[in-house]
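>>> With the input below, show me the fold.
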Amino acid sequence: MANTSFSDLKKSRQAQIDKLTQEINKVSSPQQSNNGPDERFWEPTVDKAGNGYAVIRFLPAPKGEDFPFVRVFSHGFKGPTGSWYIENSLTTIGKSDPCSDYNTTLWNSGSESDKEQARAQKRKLHFVSNIMVVKDGENPQNEGKVFLFKYGKKIFDKINDLMNPQFDDEQPVNPFDLWEGANFKLKIRKVEGYRNYDKSEFDSPSAISDDDSELEAIWNQEYSLQDFIDPKNFKSYEELKTKLDRVLGLTGVPGKLVQLTAEAPKGKQKFAEKTKTSKDESPFDEDDDDLEHILGKIND
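Just a heads-up that it's a prediction; the model follows:
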């Protein structure tokens, strides 16, 4: 049950870590705005060489919500028309998505060129959590403030490792805990043209503050995470498919391997070929730790 008061949050900490561990284990097996950057989000600053350093603290689930993170799948690629397809995937909310459907068809066609296209169009995975910025040398005005933070699987794996240690002499730590969590030292390097977070690490467990009133004030500043996975905030299958067809130059071209509608009756779906596979789409997924390189290319 989601915490609705600060006292409940403090009392239910052990139950929360058990529930959170289950959710992280399950997870281990959103959308560009046209109105400019979302000021709720914090991003680390890097120098000209692509290096950066900051310290952040992951925060617990917002009031009324169960988990301190949400998982979002998206697609971001440039089509042969020169247009970009950057959209959240309906697979985030457990629904069929036209780009994933098309990639599955390409993958099963037997053509290596089709497989290469599917790889180029594969889903990207990212997570969103609330954080407090502890240290931001380039932007000290951010320190002590609460933001949303978007991160990829590599950082999520570090969270998982902290909560599920591999060795008997290590104690599990819930990094989202206000009292016994741990600061995260974000160390960024540029490796082969992409941001790399391998050097990042958690510090020793510590309370953000010894003053519960200060901790409650921080908790009350958190942003809702459920908005990012609310079905009403996703485009429909038909809207996404229309854009996908336009970006790939498939509109009005007969015989292409794309489904017209998600609900088309069996036998009347306009495919040249469609082959179903298992729900495991791992050949089409990748970490989204460096979505910036995709978004940056839009302005090239």
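
>>> going forward, measure contacts between C-alpha atoms and count neighbours the same way
Will do.

>>> how about low-confidence regions in this protein?
By pLDDT under 70, the low-scoring segments of the chain are 1, 22-36, 252-300.

>>> packing partners for the top strand by length along it?
When the chain is parsed with DSSP state E, its longest strand is strand 123-135. Other helices and strands packing on strand 123-135, by 3 or more C-alpha pairs under 8 Å, 6 or more residues apart in numbering; DSSP states H and E, are strand 52-58, strand 69-78, strand 146-151, helix 153-163, strand 285-287.

>>> One more pass at 6 Å, please.
Contacts defined by 3 or more C-alpha pairs under 6 Å, 6 or more residues apart in numbering; DSSP states H and E place strand 123-135 against strand 52-58, strand 69-78, strand 146-151, strand 285-287.

>>> residue boundaries of the strands in the stretch 201-300 of the chain?
201-205, 285-287 (DSSP state E, counting those that start in this stretch).

>>> Can you give me the buried ones in the longest one?
Translated: strand 201-205. For strand 201-205, a neighbour-count test (16 or more other C-alpha atoms under 10 Å) marks E201, F202, P205 as buried.

>>> and the closest residue in space to the last one that isn't next to it in sequence, how many residues sit next to it?
This points to P205. Distances taken as C-alpha to C-alpha, 6 or more residues apart in numbering place A182 nearest to P205, at 4.3 Å, with adjacent residues excluded. Using other C-alpha atoms under 10 Å, A182 is surrounded by 24 other residues.

>>> With E192 instead?
Here the number of neighbours of E192 (other C-alpha under 10 Å) works out to 7.

>>> how much space between it and A49?
Counting by C-alpha to C-alpha, to the nearest Å, the separation of E192 from A49 is 12 Å.

>>> What about G110, how many residues nearby?
By other C-alpha under 10 Å, the residues close to G110 number 10.

>>> next one: phi and psi at it?
Dihedral pair for G110: phi 90, psi 0, per degrees, to the nearest 10.

>>> Check F6 too.
The phi/psi pair for F6 (degrees, to the nearest 10) is phi -70, psi -40.

>>> quick revisit: you'd agree the residue nearest to P205 is up against N174?
No - between A182 and N174 there is no contact under C-alpha atoms under 6 Å: 7.8 Å.

>>> Give me the spatial nearest neighbour of the most centrally placed residue in the chain, chain neighbours excluded.
Centroid-nearest residue in the chain: H126, 1.7 Å away (criterion: C-alpha atoms, centre = their mean). Distances taken as C-alpha to C-alpha, 6+ apart place G152 nearest to H126, at 4.5 Å, with adjacent residues excluded.

>>> State the distance from the one you found to Q226.
Distance from G152 to Q226, by C-alpha to C-alpha: 18 Å.

>>> who has more neighbours, the two?
Comparing G152 with Q226 by other C-alpha under 10 Å, the one with more neighbours is G152, at 21 against 16.

>>> My understanding was that that one contacts K124; is that so?
No - the criterion here is C-alpha under 6 Å, and G152 misses it with K124 at 8.9 Å.

>>> How far does stretch 188-196 stretch from one end to the other?
Stretch 188-196 has an end-to-end distance of 6 Å (C-alpha to C-alpha).

>>> how much distance is there from it to the middle of the chain?
A distance of 18 Å separates the centroid of the chain from that of stretch 188-196, by C-alpha atoms, centre = their mean, to the nearest Å.
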